[in-house]
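Enquirer: sequence? don't have it. structure:
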């Protein structure tokens, strides 16, 4: 828990610039609209916002999700969608149903840390670059921590395979150059477990995501969802339903216009951070993101030793900036080459350049002090 | 899914009196106070209500839960508590960590249906009246569907055993005769996984519950919680924190006074339903509840045949009343003796007597038509 302890301390310190955690920009939360949505939800007869609801979730929200997926080429009805307690739960349901203890799951060389935690908690084995895998985890639209789409070749290989694919679409709507791409769900619906979320585009505090399982798995997925936590929060679903304006006649929000604004905002932030990094740390390598919340940076240190990562993290926090160490993202938890995920999503725009400067300061101190 | 289908149709029909589902009384939702709590939460710096939070949940809420448990004799600190997505998730975490595929879990002859679903989904085997079980599930304060406390002998036997105990405290605060009893957690904390919830006493729509695992299991429980859905809803936690008045200086709610009112309300409703049942169906046997939301009723039909339960349910719905069939509550899903759970918690007070009359009407029709 060492990394976690340092990051928690840093998060509590207002003087530390936060480039860790993958949080959305809090100044983009539509607070007023959500407050109005909640008040509208409370006025509804029988107050479903505060009562138990059905396991599959709000019919209105399921149709919203289905409509958005149809617009991207997938043949999905509202009845195919299950509202989940965030995309993380959708992933948990998918792997619980696809896999048995001990199974290998194909992932990319760097991937979403909470997915790795999930696989380990379920006694599944994440494997990078596996051949003909039975189950693959993929973020085809925009990856995390490397914010790029699959290449056409990678995508073709996945689609041509025979195994199950768990498609994590969390950042799909935040591709800088435009609307979300065609999901894998559109190509091989019988093999795809499609997971998505409102956490990055609206608010993670709602904990509202969705799962579209292959149709023949739907009943089992619903049973497991019910066993896991009965249902997603009625309250959060009611707020979302009313916020999106399809709930009870409130003014509809133009969610696509919101996405356009968010793409511009995050794109600008990514460019600011990248410019700062290239100025202050020109010797590092950066993957230029096509979307999402973060930049993946590799240091020139090819062979990290035990303690290197923690030391750099400590020195960074001492210099007033915090990041996510690369080992968190690797199936084998390896720290080599020494790498970092740097989030531009939540720190104020004006702090991003300064964050890069502080990181460079910590890096120089780290390299000076590191025993040869 | 037949029972479920009939119940869903009935729930959508406003003319059907709902004695199914175990829903809290919706006229007791403190809508105005919760709206105010949400608005206060939105005003907080950084809006934690809408952002990601830590896996263990709000420190304020954890301390509230710990304080309430300490007042009942348990030695619990806020740091021992994990906020979960409802008590159901607390149960799921507990059984995932206590048990391995194929394990037997001791339950009472009639027990909480979603617990049975959970055990089956996890390939665990619920067993009634097991001797020296490795893992037991118990609702010591107030049972469901039979709304009574464990006898002292049952309690002593559980405490004297050696196995793990999953203590479901969901209805503990709704004991008609007074405040919640000493939990098993107070007696054998090293063997008890204590699960509780705000669903029955405040609002199930929040999906906020808690788990107090044995201390040596805490880290593993947190890891599994994170893997399952990252965290409970920040939004629901912030509303609850602000509603309870310990959040940011709002006026504190007297939650104990609320519980006193709820106990009186549900006690009155239980008496109204019981009086109606005894008048119209004197040949049935009833367990007089000491608390909770429901009455367990056994019909004189000792040997039910396939279809009997569904037929009675169909005729009841046709007569304008819906209930929960007894097989849902039995580990072997047996329908004999033919029994029903009748909830007095959510139907309006004035409808309870009429519900009993309609049920009697359906019962007479059922017995007349049943082939000998």
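Expert: Yep, that arrived. Note that the structure is a prediction, hence the values are computed from the model and not measured.

Enquirer: low pLDDT regions in chain A?
Expert: Residue ranges of chain A with pLDDT under 70: A:1, A:246-251.

Enquirer: That one: strands as residue ranges?
Expert: A:17-18, A:82-84, A:104-107, A:125-128, A:135-138, A:164-168, A:192-197, A:209-212, A:285-287, A:294-298, A:321-322, A:324-325, A:339-343 (DSSP state E).

Enquirer: Now those strands in JSON lines, please, with extra columns for mean neighbour count and distance to residue B:89.
Expert: Where C-beta positions appear, they are placed from N, C-alpha and C, glycine not excepted. Output for those, formatted as JSON lines (neighbours: other CB atoms under 10 Å in any protein chain shown; distance: least, CB to CB, whole Å):
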{"stretch": "strand A:17-18", "mean neighbour count": "24", "distance to residue B:89": "28"}
{"stretch": "strand A:82-84", "mean neighbour count": "27", "distance to residue B:89": "12"}
{"stretch": "strand A:104-107", "mean neighbour count": "22", "distance to residue B:89": "23"}
{"stretch": "strand A:125-128", "mean neighbour count": "16", "distance to residue B:89": "24"}
{"stretch": "strand A:135-138", "mean neighbour count": "24", "distance to residue B:89": "23"}
{"stretch": "strand A:164-168", "mean neighbour count": "25", "distance to residue B:89": "21"}
{"stretch": "strand A:192-197", "mean neighbour count": "27", "distance to residue B:89": "18"}
{"stretch": "strand A:209-212", "mean neighbour count": "28", "distance to residue B:89": "15"}
{"stretch": "strand A:285-287", "mean neighbour count": "15", "distance to residue B:89": "36"}
{"stretch": "strand A:294-298", "mean neighbour count": "23", "distance to residue B:89": "29"}
{"stretch": "strand A:321-322", "mean neighbour count": "28", "distance to residue B:89": "30"}
{"stretch": "strand A:324-325", "mean neighbour count": "24", "distance to residue B:89": "26"}
{"stretch": "strand A:339-343", "mean neighbour count": "27", "distance to residue B:89": "28"}
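
Enquirer: wait, which of those strands is closest to residue A:310?
Expert: Nearest to residue A:310, of all the strands of chain A, is strand A:324-325, at 7.7 Å by CB to CB.

Enquirer: and the closest one, which strands flank it?
Expert: Applying DSSP bridges to the sheet, strand A:324-325 is found paired with strand A:339-343 (antiparallel).

Enquirer: just the angle between the partner strand and strand A:294-298, please?
Expert: In terms of direction (axes from the mean of the first three to the mean of the last three CA atoms, to 10 degrees), strand A:339-343 departs from strand A:294-298 by 160 degrees.

Enquirer: hmm, who's touching strand A:339-343?
Expert: A:18-23, A:110, A:145, A:273, A:277, A:293-299, A:312, A:323-326, A:328-329, A:355, A:359 (CB atoms under 8 Å, 6 or more residues apart in numbering or on different chains).

Enquirer: again, 6 Å this time
Expert: For strand A:339-343, the external contacting residues (CB atoms under 6 Å, 6 or more residues apart in numbering or on different chains) are A:19, A:22, A:145, A:293, A:294, A:295, A:296, A:297, A:298, A:323, A:324, A:326.

Enquirer: Next up, the contacts around residue A:277.
Expert: residue A:356.

Enquirer: Select, out of the strands of chain A, the one closest to residue B:218.
Expert: Ranking the strands of chain A by proximity to residue B:218 (CB to CB) places strand A:324-325 first, at 24.1 Å.

Enquirer: Contacts for the closest one, please.
Expert: A:3, A:20, A:309, A:313, A:341.

Enquirer: Out of these, who's the most crowded?
Expert: Neighbour counts for the contacts of strand A:324-325 (other CB atoms under 10 Å in any protein chain shown) peak at residue A:20, which has 28 neighbours.

Enquirer: Please verify my assumption that that one contacts residue A:323.
Expert: Yes - between residue A:20 and residue A:323 a contact is recorded at 5.4 Å, counting by CB atoms under 6 Å.

Enquirer: With distance to residue A:91 as added columns, please give the contacts of strand A:339-343 in CSV.
Expert: Converted to CSV, the contacts of strand A:339-343 look like this (distance: CB to CB, whole Å):
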residue, distance to residue A:91
A:19, 25
A:22, 15
A:145, 16
A:293, 18
A:294, 19
A:295, 24
A:296, 21
A:297, 26
A:298, 27
A:323, 24
A:324, 19
A:326, 21
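
Enquirer: the helices in the stretch 251-372 of chain A, which residues?
Expert: For the stretch 251-372 of chain A, applying DSSP state H, counting those that start in this stretch gives helices covering A:255-280, A:308-319, A:349-369.

Enquirer: and among those, the most buried is which?
Expert: Of the helices of the stretch 251-372 of chain A, the one with the most neighbours on average (mean count of other CB atoms under 10 Å in any protein chain shown) is helix A:308-319, at a mean of 20.

Enquirer: Report the distance from that helix to the chain centre.
Expert: From the chain centre to the centre of helix A:308-319 is a distance of 25 Å (CA atoms, centre = their mean, to the nearest Å).

Enquirer: Give the other helices and strands that it contacts.
Expert: Where contact means 3 or more CB pairs under 6 Å, 6 or more residues apart in numbering or on different chains; DSSP states H and E, helix A:308-319 is packed against helix A:2-11, helix A:349-369.

Enquirer: Tabulate those helices (CSV), appending distance to residue B:72.
Expert: Shown next, in CSV, are the helices and strands packed on helix A:308-319 (distance: least, CB to CB, whole Å):
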stretch, distance to residue B:72
helix A:2-11, 31
helix A:349-369, 47
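
Enquirer: Out of those, the one nearest residue A:180 is which?
Expert: Smallest distance to residue A:180 across the helices and strands packed on helix A:308-319 (CB to CB): 24.4 Å, for helix A:349-369.

Enquirer: Next, the contact list for residue A:238, please.
Expert: Counting by CB under 6 Å, 6+ apart, residue A:238 touches A:41, A:49.

Enquirer: For chain B, which of the helices and strands packed on helix A:308-319 is the nearest?
Expert: Among the helices and strands packed on helix A:308-319, helix A:2-11 comes nearest to chain B, with 7.3 Å by CB to the nearest CB.

Enquirer: How about that closest one and chain B, touching?
Expert: No - shown here: helix A:2-11 not in contact with chain B (CB under 6 Å from any CB of the partner chain), separated by at least 7.3 Å.

Enquirer: May I see the buried residues of that helix?
Expert: Within helix A:2-11, the residues that count as buried by 16 or more other CB atoms under 10 Å in any protein chain shown are A:6, A:7, A:10.

Enquirer: Which elements pack onto it?
Expert: Counting by 3+ CB pairs under 6 Å, 6+ apart, helix A:2-11 packs on helix A:308-319.

Enquirer: could you check the angle helix A:349-369 makes with the helix it packs on?
Expert: Going by the same axes, to 10 degrees, helix A:308-319 makes 130 degrees with helix A:349-369.
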